[in-house]
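>>> With the input below, show me the fold.
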Amino acid sequence: MFDLTSRTALVTGGGQNIGAGIAQMLATAGARVLVNDLRAERAENIVADIVENGGQATAVPFDVTDRDAVLAAVADFGPVDVLVANAGNGGAEDMLPKRFAETVPEDWQGPMEVNLLGVLYCCHAVLPGMVERGHGRIIAISSAAGTHGVGIGFAPYSVGKGGALSLLRSLALEHGRDGITANSVALGVMDSVREETVAAFRKVIPVGRLGTPDDVAAACLWLASDEASWVTGQTIGLNGGAFTS
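Numbers count the residues shown, from 1 in each chain. Next comes the predicted model:
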């Protein structure tokens, strides 16, 4: 239904889990996918899978927190029509068991650099080309932590994710008349959590299951398509009915 033929999509953090699912689905819709990952071998594995299934893909390893590396990659492999800023860190598995007042700046650095500055650098790299061509789709993979806050240990992560949401809303306002949309997907609990916590999470999710990479990829495919051309500045909660207030 959604045709991305002739479009080039950059998926950051595309070498595993949610990013891999997004990269594979965009390729299935006809996009040429630039699969980014910090580790080259992970990106190459996903590229091999896409190509084996008849798609087009290229491994583009770089660190999203290195602005020069981001700019160089877009210059070498672009132009980029669709950016899915998925790379992130500091999820539930990595939270520090201490309150914000007990943290030190070093605790904030990683979550802020990857979850906010990494998105900012990628947007800054792809936007000039999108403006020039009069078309672009920017999608950030965020979290319910960025819209609601989710408890002790999450403050630096929440700030980084929330900042990225605000950035995309600003870009939507600035570039709507340039044919560019900017939207975010705020994820609830995904199926990558520890096995011993799955049952507890299922009890509080109205649809009774955790999210999957395919759930996220489907939302990204729609937002990347021409069918979503009137959707911009939005944060779509992908959470199975949790975090709705």
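
>>> quick one: contacts for the closest residue to Arg39 other than its chain neighbours?
Excluding the flanking residues, the one nearest Arg39 by Cβ to Cβ, 6 or more residues apart in numbering is Gly15, at 6.2 Å. All C-beta atoms are positioned from the backbone trio N, CA, C, and that covers glycine. If a contact means Cβ atoms under 8 Å, 6 or more residues apart in numbering, then Gly15 has 35-39, 41-43, 45-46 as its contacts.

>>> residue nearest the centroid of the protein?
Asn86 (2.3 Å; Cα atoms, centre = their mean).

>>> Averaged pLDDT, stretch 180-187. What do you get?
Computed over stretch 180-187, the mean pLDDT rounds to 95.

>>> which element follows the helix or strand of the chain with the lowest mean pLDDT toward the C-terminus?
Sorting the helices and strands of the chain by mean pLDDT, DSSP states H and E puts helix 195-204 at the bottom, at a mean of 68. Remark: after helix 195-204, the chain's next helix or strand is helix 213-224, criterion DSSP states H and E.

>>> Give me the contacts around that next one.
Residues outside helix 213-224 that contact it (Cβ under 8 Å, 6+ apart): 2, 4, 7, 9, 17-18, 20-22, 24-26, 29, 31, 82, 84, 137, 139, 141, 181, 183, 185, 187, 190, 228, 231, 236, 238.

>>> Touching, Phe239 and Leu210? I think so.
Wrong residue type there; residue 239 is Asn, not Phe. No - counting by Cβ atoms under 8 Å, Asn239 does not reach Leu210; the two are 9.9 Å apart.
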